[in-house]
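Asker: Got a predicted model here, sequence first, then my questions.
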Amino acid sequence: MPDSWLPAVVALFGLAVGSFLNVCVARWPEEESVVAPPSRCPRCKGRIRWYDNIPVVSYLVLRGRCRGCGEPISIQYPLVEAATALLWVGAFLRYGPEFEALRTAIFLTILLGIALTDARFYIIPNEFSIGGLALGLALAPLSGGATMLQSLAGAALGFALLWAVATLGKFAFKKEAMGFGDIKMMAMVGAFVGPAGVLLTIFLGAFLGAVIFGPISLKTGKLVPFGIFLAMGAAVAQGWGDVLIQWYASTILGLPG
């Protein structure tokens, strides 16, 4: 296979992963199996045939409607499929045909799933957090990213810091200040990005959450879906963490490069 075809192959694989991610996002928060029953229309419950379940293409062919009942299909499905494909291609273009590209693509896919479930259900399923933690630890020795020691330290630090924030917040405000899902999520993030990445993720997540959702929360009283903003921060930490940390150390702290 010519090397020029590899990004296209990666994109196709990413589309398939995105299709499965849609199932996970819809079913895991409801504690449903992603294996059975087969894909079905959420409105008429009719089974979706394989030729109506081709990522992005089937949505366009069907013009965004169920073949059985004619009801609209959420545009979330093709958007998530396309976004996942872009994440996988981006990881491939960044690292080339190396194992680190696969590790990064898996991590970003998990983050996308977390952002979607937290936005829709205010839930971070254990399959993403605990399952992702296991993957992060398992993949660490095989990649050029965080070492096993860094992965373990990152997971412990991520869990401990968010647990401390949640405990202090509950004591100060006399109510739950943070869901336990966020705490488990940060253990997963730490397994992929290490201790320094954890600190950067929490800083960016808090900043983005305050700027983007803070005014909405103050006006409506809604809880901040912190997982969304932690996911955004973790994605930045994965892609540009070393550069940002080096810039901060040299420019702000004045440390030698």
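Answerer: Yes, it's here.

Asker: Give the other helices and strands that the longest helix along the chain contacts.
Answerer: Counting by DSSP state H, the longest helix found in the chain is helix 180-208. Contacts defined by 3 or more C-beta pairs under 8 Å, 6 or more residues apart in numbering; DSSP states H and E place helix 180-208 against helix 99-121, helix 126-139, helix 148-173, helix 226-247. (C-beta placed from N, C-alpha, C; glycine too.)

Asker: and the ones you listed as a markdown table, adding mean neighbour count, mean pLDDT and distance to residue 206?
Answerer: Below are the helices and strands packed on helix 180-208 laid out as a markdown table (neighbours: other C-beta atoms under 10 Å; pLDDT from 0 to 100; distance: least, C-beta to C-beta, whole Å):
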| stretch | mean neighbour count | mean pLDDT | distance to residue 206 |
| --- | --- | --- | --- |
| helix 99-121 | 21 | 96 | 15 |
| helix 126-139 | 20 | 97 | 19 |
| helix 148-173 | 17 | 90 | 9 |
| helix 226-247 | 20 | 93 | 8 |
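
Asker: Count the residues that sit near residue 24.
Answerer: By other C-beta atoms under 10 Å, 19 other residues sit near residue 24.

Asker: Offset the numbering so it begins at 258, please.
Answerer: Right, with 258 as the first residue, what we last looked at is residue 281.

Asker: What average pLDDT does the strand or helix carrying it get?
Answerer: Counting by DSSP states H and E, the element that carries residue 281 is helix 263-284. Per-residue pLDDT values across helix 263-284 average out to 96.

Asker: now it, how far from the chain's geometric center?
Answerer: Distance of helix 263-284 from the chain centroid (C-alpha atoms, centre = their mean, to the nearest Å) equals 13 Å.

Asker: How far off centre is stretch 407-425?
Answerer: 18 Å.

Asker: hmm, who's touching that stretch?
Answerer: Residues outside stretch 407-425 that contact it (C-beta atoms under 8 Å, 6 or more residues apart in numbering) are 390, 393-394, 397, 403, 433-437, 439-452, 454-456, 458-459.

Asker: Among those, the buried ones, what's the PyMOL command?
Answerer: Selection of the buried residues among these in PyMOL, burial being defined by 16 or more other C-beta atoms under 10 Å:
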select buried, resi 390+393+394+397+403+434+435+436+439+440+441+442+443+444+445+446+447+448+449+450+451+452+454+455+456+458+459
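
Asker: still on that earlier bit, tell me the mean pLDDT over the longest helix of the chain?
Answerer: 95.
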